[in-house]
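K.L.:
no sequence on this one, just coordinates:
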């Protein structure tokens, strides 16, 4: 059975999968939101990307943006 929007896999795929243990038609969290792909850049470094190919932010980058937003909100 195929469900629209459900990810497919192929031999050799390098993925990071966030999955649930409970029974579900698709155990991947959020269908494709819980699925990342691993690619190797030109420098030989493995990078984790969203399934659409966007870079996954480092926690320190996210924290800096949140802190900056809090600072700006306090100024208003």
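P.N.:
That came through, no problem. Bear in mind that the values here come from a model prediction, so they are computed numbers and not experimental data. Numbering: from 1, shown residues only.
K.L.:
Show the pLDDT at residue 25.
P.N.:
Looking at residue 25, its pLDDT stands at 72.
K.L.:
Any idea what the nearest residue to residue 7 once chain neighbours are set aside is bridged to?
P.N.:
In space, and not counting its chain neighbours, residue 7 is closest to residue 35: 5.1 Å by Cβ to Cβ, 6 or more residues apart in numbering. For every residue, glycine as well, the C-beta is placed using N, CA and C. In this structure, residue 35 has the following beta-bridge partners (DSSP bridges): residue 17.
K.L.:
For residue 13, give its distance to residue 73.
P.N.:
The span separating residue 13 from residue 73 equals 41 Å under the rule Cβ to Cβ, to the nearest Å.
K.L.:
which residues in the chain form strands?
P.N.:
Using DSSP state E, the strands found in the chain span residues 15-17, 35-40, 46-50.
K.L.:
name the helices or strands packed onto the first one?
P.N.:
Judged by 3 or more Cβ pairs under 8 Å, 6 or more residues apart in numbering; DSSP states H and E, the packing partners of strand 15-17 are strand 35-40.
K.L.:
For the strand it packs on, which outside residues touch it?
P.N.:
Contacts to strand 35-40, defined as Cβ atoms under 8 Å, 6 or more residues apart in numbering, come from residues 7, 13-18, 28, 46-51, 53, 56.
K.L.:
Which of the strands of the chain has the highest mean neighbour count?
P.N.:
Each of the strands of the chain was scored by mean neighbour count; the highest is strand 35-40, a mean of 14, by mean count of other Cβ atoms under 10 Å.
K.L.:
Helices of the protein, residue ranges please.
P.N.:
In chain order, the chain shows helices spanning 59-75, with DSSP state H as the criterion.
K.L.:
Nearest residue to residue 5 in space, please, no chain neighbours.
P.N.:
Here the nearest residue to residue 5 in space, its sequence neighbours aside, is residue 31; by Cβ to Cβ, 6+ apart that works out to 5.1 Å.
K.L.:
Is that neighbour in contact with residue 8, as I believe?
P.N.:
No: using Cβ atoms under 8 Å, residue 31 makes no contact with residue 8, being 11.7 Å away.
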